[in-house]
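Visitor: Okay, predicted coordinates and the sequence, questions at the end:
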Amino acid sequence: MKSEILKKSSMTESLTGQQVLVTGADGFIGSHLVEQLVASGARVRALVYYNSWNQIGWLNDISTEVLQSIEVIQGDIRDAERVNGAVTGCEYVFHLSSLIAIPYSYVAARSYVDTNITGALNVLQSCRSSDSLTRLVHVSTSEVYGSAQRVPIDEDHPLVGQSPYSASKIGADKMAESFYLSFELPVVTARPFNTYGPRQTARAVIPTIASQLLSGCSELKLGALTPTRDFNFATDTAAGMIALALCKQAEGEVVNIGSGREWSIEETAKILMEVTGREVPILCDEDRIRPEKSEVNRLLADNTKIQKLTDWKSQVSFQSGLAATSDWIRQNLRYFNVERYTI
């Protein structure tokens, strides 16, 4: 967004003692982010999706010590007043709350507009009216790039709405851009590539593969095998978000968070077979195939900008991350129904 040459920040910011809001804290990435923020000394307010069972999602999976140290509030990202109350008094805001499953967006597009675009607008409006905000990290997705037109994919790559999900995230990203350009809101758009790790559900490919293998399947049901993805372990993604939150030079920028390496779905499945010690034939399941023009065939991050702006770099190797993810899934197979395709 900005034209000046980017440089690493010469001022050191710290989250120690700062009031921080995480929307979508009950989700997969959000719960890992909460853990890292607490470890950094932040005072964390976690916005979770309201439900009558008083469930707090994957925050139940974090340690009791960490959970007791945070403020959990229930709400709905579509509720402007509730969001405004959550933002009030916070120095840093991380906006992760979104609907993310691509197949479900094919049948429920309006809910993606309501949650992903209107939800982002609520956060942006609340941050604009805040008298305590230092910086907002708006979380995007690499899906907004569509299939790579050039690799590696830098932040100037064209945006392509190849699914209602990606279109809704493009809309949200552009709202964030407009609030920076129109109102000088201190917002950075973090654009993570494919994140994986403990607590991810079977709507994503790595848990889909690992849960089937660990459940003793005789064949592995998958969709397309040739698409490639730049996979990043959840703790690396969360660390990238924190690095950008602490970087004033990132304000007004879109910044990729990715390893700069890619693996095909077939390669990923074969590594997981080695990790789990189970080798089975792969069956192409037509129900798991995206519409032809909607499939994103290649995602590979250019991470030059985040490395220029911050000291961030990925720390967890793909093989180590897959092993850790498989261990977690093995201990939590009750969350996975391998007989049913999760959209």
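Guide: It's in.

Visitor: going forward, measure contacts and count neighbours with C-alpha atoms only.
Guide: Noted.

Visitor: Residue 14 - that's part of a strand, no?
Guide: No: applying DSSP: H, G, I helix; E, B strand; the rest coil, one finds residue 14 to be coil, outside a strand.

Visitor: That one: neighbouring residues, count only.
Guide: Using other Cα atoms under 10 Å, residue 14 has 13 neighbouring residues.

Visitor: Wait, it touches residue 246, no?
Guide: Yes: using Cα atoms under 8 Å, residue 14 and residue 246 qualify as a contacting pair, with a distance of 6.9 Å.

Visitor: contacting residues for residue 57?
Guide: Neighbouring residues of residue 57 by Cα atoms under 8 Å, 6 or more residues apart in numbering: 26-27, 48.

Visitor: so where do the strands sit in this structure?
Guide: For the chain, the strands defined by DSSP state E cover 19-23, 43-49, 71-75, 92-95, 135-139, 187-192, 195-196, 220-222, 228-229, 232-233, 254-257, 263-264, 282-284.

Visitor: Compare the ones you listed and give me the one nearest residue 326.
Guide: When the strands of the chain are ranked by proximity to residue 326, the top entry is strand 195-196, at 10.8 Å, counting by Cα to Cα.

Visitor: which of the residues in stretch 274-294 are buried?
Guide: Under the neighbour-count criterion of 16 or more other Cα atoms under 10 Å, stretch 274-294 has 275-276, 279, 282, 290, 294 buried.

Visitor: quick one: the helices in the stretch 201-343 of the chain?
Guide: Counting by DSSP state H, counting those that start in this stretch, residue ranges of the helices within the stretch 201-343 of the chain are 205-214, 234-245, 265-276, 304-309, 318-331.

Visitor: could those go into a markdown table alongside distance to residue 175?
Guide: Output for those, formatted as a markdown table (distance: least, Cα to Cα, whole Å):
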| stretch | distance to residue 175 |
| --- | --- |
| helix 205-214 | 29 |
| helix 234-245 | 18 |
| helix 265-276 | 33 |
| helix 304-309 | 22 |
| helix 318-331 | 34 |
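
Visitor: quick one, which of the ones you listed is nearest to residue 39?
Guide: Minimum separation from residue 39 across those (Cα to Cα) falls at helix 234-245, 11.4 Å.

Visitor: Could you give the average pLDDT over the closest one?
Guide: Taken as a whole, helix 234-245 carries a mean pLDDT of 98.

Visitor: Stretch 287-306 too?
Guide: Taken as a whole, stretch 287-306 has a mean pLDDT of 89.

Visitor: do stretch 193-205 as well
Guide: Regarding stretch 193-205, the rounded mean pLDDT is 96.

Visitor: What of stretch 40-54?
Guide: Stretch 40-54 shows a mean pLDDT of 97.

Visitor: roughly how far out does that stretch sit from the chain middle?
Guide: Chain-centre distance of stretch 40-54: 17 Å, with Cα atoms, centre = their mean, to the nearest Å.

Visitor: List the buried residues in it.
Guide: 42-49.

Visitor: Might you report the residue contacts of the closest residue to residue 321 other than its chain neighbours?
Guide: In space, and not counting its chain neighbours, residue 321 is closest to residue 233: 6.0 Å by Cα to Cα, 6 or more residues apart in numbering. Residue 233 makes contact with 195-197, 316, 318, 321, according to Cα under 8 Å, 6+ apart.
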